[in-house]
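Trainee: I'd like to go over a predicted model; first the sequence, then the structure.
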Amino acid sequence: MSEYIVEMRGIKKSFGRVQALKGVDFSVGRNEIVGLLGDNGAGKSTLIKVLVGYYQPDEGEIYFEGQKVNFKSPWDSRALGIETVYQDLALVNLMPLWRNFFLGRELKRKIGPFKLIERNKMRRLALESLKDVGIFIRSPDETVAFMSGGERQAVAIARAIHFGAKLLILDEPTAALSVGETRKVLEHIVEAKKRGISVIFITHNIYHVYEVADRLVVLEHGEKIGEYEKKEVTPEQIMDIIASAAGVK
Amino acid sequence: MPNESKVSVKALPWFYRTKELGAIFGTLIFFVIFAIISEQFLTWSNLATTFTMAAELGIVTLGVTMLMISGEFDLSVGSVFAVVPMVMAIMINHGVNEWFAFVVAMLVGVGIGVANGLVTLKTSIPSFITTLGMKMFWRGILLAVTGGFPIILSHKVGLLKYFGGAVLKDLRYSAIWFIALSIVFWLVLERTQYGNWTFATGGNIGAARALGVPVMRVKLVNFVLSSTLAGFAGLTTFGRFKIVDPTLGQEMELEAIAAAVIGGNLLTGGYGSILGSFIGAVMIGMVRSGLVLAGAPGYWYRAFIGVILIVAAIINARIRKKVAG
């Protein structure tokens, strides 16, 4: 068993003449929360998209649980337990909660030659697994449009836990949230860690991730410019590193 | 319990969650009004004829609904409604076997759907434009090929009975097809994975893609469904008249969209129901025959539908706000 759940070595990725990643090493330990920081355009999203198989790297290797992997699509990485929650792409607002919860992984049963979805089972399971992480909802038939941003993040995290994620990737989970909601989402992240899940927390706001992270990785212009155990640094130092790398003194 | 973050979602009365609420009430109101105004309205003959007419529009509406929920338009259905029976009629008049002619004609319908889908999805041009172009193209071909004259069958075709022939006096096979297809597509939309994907694709295409839904394939299939059902609906009308006019189905695309919107479907996708579209088509058919029976000149029909459409859209928008924020 490798000590890392995921390890990326020397990842390079270019789009035309733009070098988005210039040989990045990035790893996440088991049961660890890693804050992935950097200004807009630093390469955070590209790195994650390479990791989950949305893009294929030009150079470099990816290991998942010690095995070399070569994901052709996000489907492949999800099958191994890598779940990504994108900021605006987590849920479909007009759809009921239970349909959202099982989207892409609907439970089906065969009736003759046809496969129908098991609606009542999905309704029940969605409520149960939300309750399990401390979210109470009266009816699984409510559309998620009524929920606040924090609640939607919580539902997406609960969904990842329910489907047995080993590595949870959160893309700016707290970007548009109020202070109170941010706190709740952080609690859900800690809860995920308690269940043995590793987390990559992408953000450009160090104050959001600092509280829960074990380790902090800073990207800038497609390169890793810093990697720190949380104990070693203060949020202010990280802010200075990001700002000076971006040319803002 | 770990952290007790409470989500305060208010439980709404059940009837608000019924997407077809507005359409059901509207249809009932018109039904009562027409029954009071005209003595003939409540006769079997009128109800059967009304439902048959509604069925021909309704079959088109089913496909348009699936496509609309997945976030796309099909303005070419009216032209396909004429092209498919025209292909069948011309082939039969040239001595081709009626079953073979039927299969080829339906494949033309499928093919137009594939073309609509591929052009729209590969080029990222709005489907409003690609299918508008397709509508004009095929209408032009129809007029060019026929010289503007209707095609009349040269001999009796037994197969046509099963599309638009009589079942029970004034009730025709088209009505049976409409009910059967409505049940099938209701099941597909509400009870299958594909239905869930159709809602998700139209509701938030990015989220659907991120969760592994093959959104392009979903849209393509719905383009094909829309076109195929429109072609089949054209055959039911053909079965009724035994004649194909090159102007058949003109403006039908707009009536189908109107029926879908009256039925509570959201024009921008992600929300709607087959039952709603069923009721929307029935309402349009009923208003058409009811106005005639009430002695109003035929021209009033469009004006009336126009008003209903706008009122329905306003009411449905209010309901949706309660249901879906």
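Mentor: Perfect, thanks for sending it.
Trainee: from the chain's centre, how far out does the regular element (helix or strand) spanning A:Ile238 sit?
Mentor: For A:Ile238, the element it lies in under DSSP states H and E is helix A:235-245. Put simply, helix A:235-245 sits 23 Å off its chain's centre (Cα atoms, centre = their mean, to the nearest Å).
Trainee: any idea how far the closest residue to chain B within chain A is from B:Arg320?
Mentor: For chain A, the residue closest to chain B is A:Ala145, as judged by Cβ to the nearest Cβ, at 3.2 Å. (C-beta placed from N, C-alpha, C; glycine too.) The spacing between A:Ala145 and B:Arg320, counted by Cβ to Cβ, to the nearest Å, is 10 Å.
Trainee: what does the helix or strand hosting B:Ile129 rub up against?
Mentor: Per DSSP H and E: B:Ile129 is located in helix B:127-146. Helix B:127-146 has contacts (Cβ atoms under 8 Å, 6 or more residues apart in numbering or on different chains) with B:72-76, B:78-80, B:82-83, B:86, B:90, B:112, B:115-116, B:119-120, B:123, B:223, B:246-247, B:250, B:253.
Trainee: Which strands or helices does the longest helix anywhere in chain A pack on?
Mentor: For chain A, the longest helix by residue count, based on DSSP state H, is helix A:179-194. Counting contacts by 3 or more Cβ pairs under 8 Å, 6 or more residues apart in numbering or on different chains; DSSP states H and E, helix A:179-194 is packed against helix A:149-162, strand A:167-171, strand A:198-203, strand B:5-6.
Trainee: so can I have TSV of those showing mean pLDDT and mean neighbour count?
Mentor: Shown next, in TSV, are these (pLDDT from 0 to 100; neighbours: other Cβ atoms under 10 Å in any protein chain shown):
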stretch	mean pLDDT	mean neighbour count
helix A:149-162	88	24
strand A:167-171	94	25
strand A:198-203	94	24
strand B:5-6	43	15
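Trainee: In TSV: these, plus distance to A:Leu80.
Mentor: Compiled in TSV, the helices and strands packed on helix A:179-194 are given as follows (distance: least, Cβ to Cβ, whole Å):
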stretch	distance to A:Leu80
helix A:149-162	13
strand A:167-171	9
strand A:198-203	13
strand B:5-6	30
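Trainee: The nearest residue to B:Ala175 once chain neighbours are set aside sits in which helix or strand?
Mentor: Closest residue to B:Ala175 apart from its sequence neighbours, by Cβ to Cβ, 6 or more residues apart in numbering or on different chains: B:Ala55 at 4.6 Å. For B:Ala55, the element it lies in under DSSP H and E is helix B:44-69.
Trainee: what comes up buried for that helix?
Mentor: By 16 or more other Cβ atoms under 10 Å in any protein chain shown, the buried positions in helix B:44-69 come out as B:46-69.
Trainee: again with stretch B:138-152
Mentor: For stretch B:138-152, using 16+ other Cβ under 10 Å, the buried residues are B:Trp138, B:Arg139, B:Leu142, B:Thr146, B:Ile151.
Trainee: do the same with stretch A:132-140
Mentor: By neighbour count on 16+ other Cβ under 10 Å, the buried set for stretch A:132-140 is A:Val133, A:Gly134, A:Ile135, A:Ile137, A:Ser139, A:Pro140.
Trainee: Dump it to PDB, restricted to CA.
Mentor: C-alpha atoms of stretch A:132-140 as PDB (Å, rounded to 0.1, in the frame of the first residue of the first chain):
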ATOM      1  CA  ASP A 132     -26.500  10.400   8.100                       C
ATOM      2  CA  VAL A 133     -24.300  13.500   7.500                       C
ATOM      3  CA  GLY A 134     -26.600  15.800   9.500                       C
ATOM      4  CA  ILE A 135     -28.800  17.300   6.800                       C
ATOM      5  CA  PHE A 136     -32.600  17.100   7.400                       C
ATOM      6  CA  ILE A 137     -35.000  17.500   4.500                       C
ATOM      7  CA  ARG A 138     -38.700  17.000   4.700                       C
ATOM      8  CA  SER A 139     -39.300  15.600   1.200                       C
ATOM      9  CA  PRO A 140     -37.000  14.200  -1.400                       C
END
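Trainee: wait, does that stretch contact chain B?
Mentor: Yes. Shown here: stretch A:132-140 in contact with chain B (Cβ under 8 Å from any Cβ of the partner chain) through A:Val133, A:Gly134, A:Ile135, A:Phe136, A:Ile137, A:Arg138, A:Ser139.
Trainee: Can you check the pLDDT for the third one?
Mentor: I take that to be A:Ile135. A:Ile135 carries a pLDDT value of 82.
Trainee: I would like a ChimeraX command selecting only the buried ones among the contacts of helix B:127-146, please.
Mentor: A single ChimeraX command is used to select the members of these judged buried by 16+ other Cβ under 10 Å:
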select /B:72,73,74,75,76,78,79,80,82,83,86,90,112,115,116,119,120,223,246,253
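Trainee: Tell me which of the contacts of helix B:127-146 fall in helices.
Mentor: Per DSSP H, the contacts of helix B:127-146 map to helices at B:78-80, B:82-83, B:86, B:90, B:112, B:115-116, B:119-120, B:123, B:223, B:253.
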